[in-house]
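[1] For reference, the sequence and a predicted model appear below.
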Amino acid sequence: MKKTTLFKKLMLADEILVMPGCYDALSAKIVEMAGFKAVTMGGYSASAATLAKPDVSLLTLTEYVHIVRNIAQAVDLPLFVDGDTGHGNVTNVQRTIREFENAGAAGLFIEDQVFPKRCGHMDGKQIIPTMEMVAKLKAAVDARVDEDLVIMARTDAIAVCGIGEAIERANIYKEAGADLIFVEAPTSMEEMRRINDSIQAPTLAIQIEGGKTPLLKTKELEALGYNIVVYPNAPVYATAWALRELWRTLKEEGTTKNFTNRMIHFDEFNKLIGLDKIRERESYYYRDFFASLGK
């Protein structure tokens, strides 16, 4: 089954789809190893890991697509990615769709923020007119080759105009062709419930540690009506914490010995990144050569 088809099937299933985040091929591989069915990468983590910069539209489309391609080739999971504002007008949106589709993404979203955008849980956001976003969504739908490529519309209108405007926009975006809807940064369970009661489309929830939206259990989110929940920033936060503690230990103790119980060790890590499979493949192709040396 195509990854796009599988992702759409998982999106529409009765059980909520839980998508951990990643920021590169290795972190995606660990999501796969943990047994999840899909993986996501947001601009926040990608910008932090690639540039050590915040999510304020500094990462270019070309840089982002390069990371997406590496991830898509490293795992068998469907990958859902961040299309930001589409990187420009309707013409840019269409190129964004084609680039991500060609790189192997199973789905992506376009948002209605003004460029340069900000992380959805930062203050000071601005949004474009509703009909400008509609034009972008229609261009996105027309640009995809694979009809199963999931295109999500994200609105940041809650922080700017309130939840009523966000819901109104969400339903308009659904009519424009969006397969999935994301109302960013609700601040209470009441708002989250209202979103799902009022929007006639599959919906996505985001869980940002320290963000504006309450952190709930996945079954609670499912009961509220969400089809998908993503955890896009958790891996970069956890990695930053772990590396800070690792290098603090080395600085203070002059060795990493007392940190080894919090590491994956040499042989296990080599297996994680597939060294054993590479060695098997090499042995298969070189078997005749090695046999000739033995004559």
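    It's in. Being a predicted model, the structure only gives us computed values, none of them experimental.
[2] What ranges does this structure have for its strands?
    Ranges of strands within the chain are 17-20, 39-41, 79-82, 107-111, 150-155, 180-183, 204-206, 228-231, based on DSSP state E.
[3] Might you report the residue contacts of A170?
    With contact taken as CB atoms under 8 Å, 6 or more residues apart in numbering, A170 is in contact with A153, T155, I181, V183, I195, I199, A201. For the C-beta atoms, the positions are set from N, CA and C on the backbone; glycine is no exception.
[4] thinking again about what came up before, let me know which of the strands of the chain is tucked in deepest.
    strand 39-41 (a mean of 28; mean count of other CB atoms under 10 Å).
[5] what's the burial count for F36?
    For F36, the neighbour count with other CB atoms under 10 Å is 15.
[6] related to what we said a few turns ago, present the strands of the chain as CSV; the columns should include distance to N92 and mean pLDDT.
    As requested, those are exported to CSV (distance: least, CB to CB, whole Å; pLDDT from 0 to 100):
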stretch, distance to N92, mean pLDDT
strand 17-20, 26, 98
strand 39-41, 20, 97
strand 79-82, 15, 97
strand 107-111, 11, 96
strand 150-155, 15, 97
strand 180-183, 20, 97
strand 204-206, 23, 97
strand 228-231, 24, 98
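[7] Please produce TSV containing these, extended by distance to I278.
    Output for those, formatted as TSV (distance: least, CB to CB, whole Å):
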stretch	distance to I278
strand 17-20	26
strand 39-41	22
strand 79-82	23
strand 107-111	30
strand 150-155	33
strand 180-183	37
strand 204-206	36
strand 228-231	31
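[8] Select, out of these, the one closest to V93.
    Proximity to V93 (CB to CB) singles out strand 107-111 among the strands of the chain, at 6.4 Å.
[9] Just the CA trace of the closest one, in CSV.
    Output in CSV follows, covering the C-alpha atoms of strand 107-111 (Å, rounded to 0.1, in the frame of the first residue of the first chain):
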residue,chain,number,x,y,z
GLY,A,107,0.7,14.6,3.7
LEU,A,108,1.4,18.2,4.6
PHE,A,109,-0.3,21.3,5.8
ILE,A,110,-0.6,24.9,4.7
GLU,A,111,-1.4,27.7,7.2
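[10] Looks like L59 contacts T50 (just checking).
    Yes - in this structure L59 lies within contact range of T50 using CB atoms under 8 Å: 6.3 Å.
[11] Between those two, point out the one with more neighbours.
    L59 (21 against 16).
[12] still on that earlier bit, grab the two from the contacts of A170 that are most spread out in space.
    A153 and I195 (13.2 Å).
[13] L61: what's its closest spatial neighbour, skipping adjacent residues?
    Using CB to CB, 6 or more residues apart in numbering and skipping the chain neighbours, the partner closest in space to L61 is H87 (4.8 Å).
[14] tell me the contacts of that neighbour?
    With contacts defined as CB under 8 Å, 6+ apart, H87 is in contact with T60, L61, V93, R95, T96, F115.
[15] Need these in CSV (columns: neighbour count).
    Putting the contacts of H87 into CSV (neighbours: other CB atoms under 10 Å) gives the following:
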residue, neighbour count
T60, 11
L61, 17
V93, 23
R95, 15
T96, 25
F115, 15
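[16] okay, who's weakest in those by pLDDT?
    Minimum pLDDT for the contacts of H87 is recorded at F115 (78).
[17] That one: what's it in contact with?
    Applying CB under 8 Å, 6+ apart to F115 gives the contacts S57, D84, T85, H87, G88.
[18] and what of L204?
    Contacts of L204 (CB under 8 Å, 6+ apart): M152, L180, I181, F182, Y226, N227, I228, V229, V230.
[19] can you check A139 too?
    A139 neighbours (CB under 8 Å, 6+ apart): G86, V90, T91, V93, Q94.
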